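Participant: any chance you can model this:
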Amino acid sequence: MRALIIVLAMGFLASCCHVVEPDNGAMAAEPAPAPEVSADVVADELIAAAMGDSAEGRIVCTKGDDVRDVRIVTLKDERCVLVYDNQLSGSGTKNALANRAACELQQKRMIENFIRSGFSCE
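Facilitator: Down below sits the predicted model:
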């Protein structure tokens, strides 16, 4: 019975207390979390910016009749949207990311996957 009471007391103390480590300046600062991107704002800006060939960083990959288009649209406040269109299937995606570097990295990964699958990209 005593052991049960001790275990419960230790559990209670552990749940209500936490240790704060001192900031000695030697630890690297954690990156700030990416800002939330409103879907409505992204949609409005995409309508204005992504129509036609106005998007920056546009890469088109082809394999026979299969055409894949991956482009970057820069939004306000350094945010961007990676727009992917599959013209053969008519499907696609729009991914809002925190900054241009994040869009470029995701675009690079997508292009590498297309090339591995036999596409040629320009």
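
Participant: how many neighbours does the nearest residue to Leu97 once chain neighbours are set aside have?
Facilitator: Once flanking residues are discounted, Leu97 sits nearest to Cys103: 5.1 Å by Cβ to Cβ, 6 or more residues apart in numbering. C-beta coordinates here come from the backbone N, C-alpha and C atoms, glycine included. By the criterion of other Cβ atoms under 10 Å, Cys103 has 26 neighbours.

Participant: check the secondary structure at Cys103 for me.
Facilitator: Secondary structure state of Cys103, per DSSP: H, G, I helix; E, B strand; the rest coil, is helix.

Participant: that one against Gly57, yeah?
Facilitator: Yes: using Cβ atoms under 8 Å, Cys103 is in contact with Gly57, at 7.5 Å.

Participant: give me the common contacts of the two.
Facilitator: Counting by Cβ atoms under 8 Å, 6 or more residues apart in numbering, the shared contacts of Cys103 and Gly57 are Ile72.

Participant: report pLDDT for Trp99.
Facilitator: Slight slip there: residue 99 is Asn, not Trp. Here the pLDDT value assigned to Asn99 is 92.

Participant: how about Arg58, phi and psi?
Facilitator: Arg58 adopts backbone torsions of phi -80, psi 130, taken as degrees, to the nearest 10.

Participant: that one: what's it in contact with?
Facilitator: 69-72.

Participant: I'd like to know which of these is nearest to Lys63.
Facilitator: Using Cβ to Cβ, Asp69 is the member of these that sits closest to Lys63, with 13.1 Å.

Participant: isn't that closest one right up against Ser91?
Facilitator: No: when contacts are counted by Cβ under 8 Å, Asp69 is not listed as touching Ser91 (11.8 Å).

Participant: and the helices in this structure?
Facilitator: Remark: helices assigned in the chain by DSSP state H are 2-16, 39-49, 100-116.
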